[in-house]
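Student: The following comprises the amino acid sequence and a computationally predicted model.
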Amino acid sequence: MEEIISLAKRRGFVYQGSEIYGGLAGTWDYGPLGIELKKNIQDLWWNRFVRERDDMYGVDAAILMNSRVWEAAGHVAGFTDPLVECKKCKKRFRADHLSSDKCPECGGELGEERKFNMMFKTLVGAVEDSSSVAYLRPETAQGMFVNFKNIIDSFHPKLPFGMAQIGKAFRNEITPRDFIFRTREFEQMEIEYFIKESEWEKHFEYWLEEMKKWISDIGLSDEHVHEIEVPKEDRAHYSKRTIDFEYDFPFGQSELYGLAYRTDFDLKSHSKESKVN
């Protein structure tokens with residue numbers, strides 16, 4: 001992995017964020033070649049899934065949103081990872097990433113597991129009180145859900161139709177690692193597709209095939225891609241079915257992207273919280 005990081009820097013693909021000040025864990029800057037590669041992938045994705053389709057509507061929602069968005073979506077209460085702290089060296093780790101009950105750094109005893117909310121909290125405006133609390137979005141999806149009514153009112157689409165967005169997301173990862181794979185600031189390319197409930201299985205299979213084609217068309221070898229059916233106990237609370245695609249990265253097999261049937265959880269939650277149908 002160190003050889004890849006070194007090569008990426010020498011060739012102008014990726015640099016350590018804030019490097020002249022010693023860096024900042026979990027942050028990376030894309031150089032001239034890196035940004036061109038990233039933009040090429042984004043443009044291919046946007047052309048294929050937005051511009052070449054009649055049923056897809058692109059949006060670019062704000063990173064900062066009303067905090068009630070995240071309350072309605074369940075993120076304020078539940079967007080957490082399990083955290084443990086070493087009693088000896090005081091370093092913190094994600095409990096579900098550890099293979100033993102000892103500190104991987106010093107071998108010390110680990111404290112009790114607790115929930116750690118991964119959203120970055122900030123304040124908006126000149127007055128610092130509860131009404132000025134905001135969050136850097138941890139995902140792009142909610143920006144599409146809260147614009148659902150706007151798309152309906154502006155374009156009057158018929159079901160099924162989708163919304164797509166490419167944008168920044170932020171997660172205060174307990175232990176950012178594996179180069180640009182697990183970072184605290186990253187970009188997502190995401191689609192939310194709205195359907196009749198009775199037809200969800202048909203559309204799920206359709207998008208599953210589209211995702212497989214996309215992987216192949218951008219040049220990833222099928223032998224290094226693994227399709228994982230996520231069991232109910234491991235799925236997000238809103239998901240009725242989830243399939244993850246995992247890839248054989250240099251550091252091991254891990255998630256590439258995923259497909260989930262979120263039911264009507266998000267739209268119902270925002271309709272109830274906002275009092276807007």
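Tutor: Alright, I've got the coordinates.

Student: Going by C-alpha atoms from here, please, whenever you check contacts or count neighbours.
Tutor: OK.

Student: Which positions in the host helix or strand of Glu3 come out as buried?
Tutor: Assigned by DSSP states H and E, Glu3 belongs to helix 2-10. Neighbour-count burial for helix 2-10 flags Ile5, Ala8, Lys9 (criterion: 16 or more other Cα atoms under 10 Å).

Student: Stretch 123-137 now?
Tutor: Ala134, Tyr135, Leu136, Arg137.

Student: Return the mean pLDDT over that stretch, rounded to an integer.
Tutor: In this model, stretch 123-137 has a mean pLDDT of 89.

Student: Would you mind measuring the gap between the ends of it?
Tutor: 13 Å (Cα to Cα, to the nearest Å).

Student: Going along the chain, name the helices of the chain.
Tutor: 2-10, 32-46, 67-73, 75-78, 141-145, 148-155, 200-217, 265-274 (DSSP state H).

Student: Could you tell me how far the residue nearest to Trp70 when sequence neighbours are not counted is located from Ile174?
Tutor: Closest residue in space to Trp70, ignoring its immediate chain neighbours: Val76 at 5.8 Å, by Cα to Cα, 6 or more residues apart in numbering. Distance of Val76 to Ile174, computed by Cα to Cα: 17 Å.

Student: So which residue is dead centre in this structure?
Tutor: By Cα atoms, centre = their mean, the chain has its centre lying nearest to Glu139, at 5.1 Å.

Student: okay but it is in contact with Ile166, surely?
Tutor: No. Using Cα atoms under 8 Å, Glu139 makes no contact with Ile166, being 10.5 Å away.

Student: which neighbours do those two share?
Tutor: Both Glu139 and Ile166 are contacted by Gln188, under the criterion Cα atoms under 8 Å, 6 or more residues apart in numbering.

Student: where are the low-confidence patches of this protein?
Tutor: In the prediction, the chain carries no residues with pLDDT under 70.

Student: Outline the domain layout of it.
Tutor: Under the assignment automatic domain parsing, the domains of the chain span 2-79+118-274, 80-117.

Student: just curious, which of the buried residues of stretch 123-137 is nearest to Leu267?
Tutor: Nearest to Leu267 among those: Arg137, at 17.5 Å, using Cα to Cα.

Student: Okay, that closest one and Gly34: tell me how far apart.
Tutor: From Arg137 to Gly34 the distance is 24 Å (Cα to Cα).

Student: Check Phe204 too.
Tutor: Using Cα to Cα, Phe204 is found at 33 Å from Gly34.

Student: Check Lys272 too.
Tutor: Following Cα to Cα, the distance that separates Lys272 from Gly34 is 43 Å.

Student: Which one of these two is surrounded by more residues?
Tutor: Gly34 (18 against 12; other Cα atoms under 10 Å).

Student: was I right about the more buried one contacting Arg10?
Tutor: No. When contacts are counted by Cα under 8 Å, Gly34 is not listed as touching Arg10 (11.5 Å).

Student: Skipping its backbone neighbours, what lies nearest Glu197 in space?
Tutor: In space, Glu197 is closest to Thr263, 7.5 Å off (Cα to Cα, 6+ apart).

Student: for that neighbour, what are its contacts?
Tutor: Residues near Thr263 by Cα under 8 Å, 6+ apart: Glu197, Tyr238, Ser239, Lys240.

Student: could you pull out the strands for the stretch 151-277 of the chain?
Tutor: Under the criterion DSSP state E, counting those that start in this stretch, the stretch 151-277 of the chain contains strands at 161-170, 185-194, 225-229, 241-249, 252-261.
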